[in-house]
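Chemist: build me a model from this:
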Amino acid sequence: MNKIDMISKIAQTTGMKNEETKVIIETFLKLIQETLIAGDDIQIKGFGRFFNKKRLAKVARDLNSNTTIIVPAHYKPTLRLSKDFVEKVKKAIPAK
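Modeler: Numbering: from 1, shown residues only. This is a model prediction of the structure:
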């Protein structure tokens, strides 16, 4: 499912127009991005937690030029799903 499909599905379920739903979804995603840029976390009960994970500086190799490069320390946006969410998905989808 992509964002357009999600907007249509939510609009059908709620009875809202696609344009209104799109504004809500876009605002929600922008809010997540702005909050993480500000250095804050977002906790959505029953879904998960968005937070910035600190990555330490490291030495890596550029495979194209076969040279060593230093990757500086940085923060990586991360989503950790709640245990309830993970368990529901595990139960709904049988292992093959």
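
Chemist: tell me what the top helix by length along the chain is packed against?
Modeler: Ranked by residue count and defined by DSSP state H, the top helix of the chain is helix 18-37. The elements that helix 18-37 packs onto, with contact taken as 3 or more C-beta pairs under 8 Å, 6 or more residues apart in numbering; DSSP states H and E, are helix 3-14, strand 42-44, strand 48-55. Backbone N, C-alpha and C define where each C-beta goes, glycine included.

Chemist: reformat those as JSON lines; add mean pLDDT, mean neighbour count and distance to Val71.
Modeler: Listed next are those as JSON lines, based on pLDDT from 0 to 100; neighbours: other C-beta atoms under 10 Å; distance: least, C-beta to C-beta, whole Å:
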{"stretch": "helix 3-14", "mean pLDDT": "96", "mean neighbour count": "13", "distance to Val71": "30"}
{"stretch": "strand 42-44", "mean pLDDT": "97", "mean neighbour count": "12", "distance to Val71": "26"}
{"stretch": "strand 48-55", "mean pLDDT": "97", "mean neighbour count": "14", "distance to Val71": "8"}
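
Chemist: can you put these in JSON lines and add distance to Lys22?
Modeler: Formatted as JSON lines, the helices and strands packed on helix 18-37 follow (distance: least, C-beta to C-beta, whole Å):
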{"stretch": "helix 3-14", "distance to Lys22": "5"}
{"stretch": "strand 42-44", "distance to Lys22": "20"}
{"stretch": "strand 48-55", "distance to Lys22": "21"}
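
Chemist: of all these, which one is nearest Pro77?
Modeler: Closest approach to Pro77 among the helices and strands packed on helix 18-37 (C-beta to C-beta): strand 48-55, 6.0 Å.

Chemist: show me the protein divided up by domain.
Modeler: Listed domain ranges for the chain are 1-40, 47-96 (source: automatic domain parsing).
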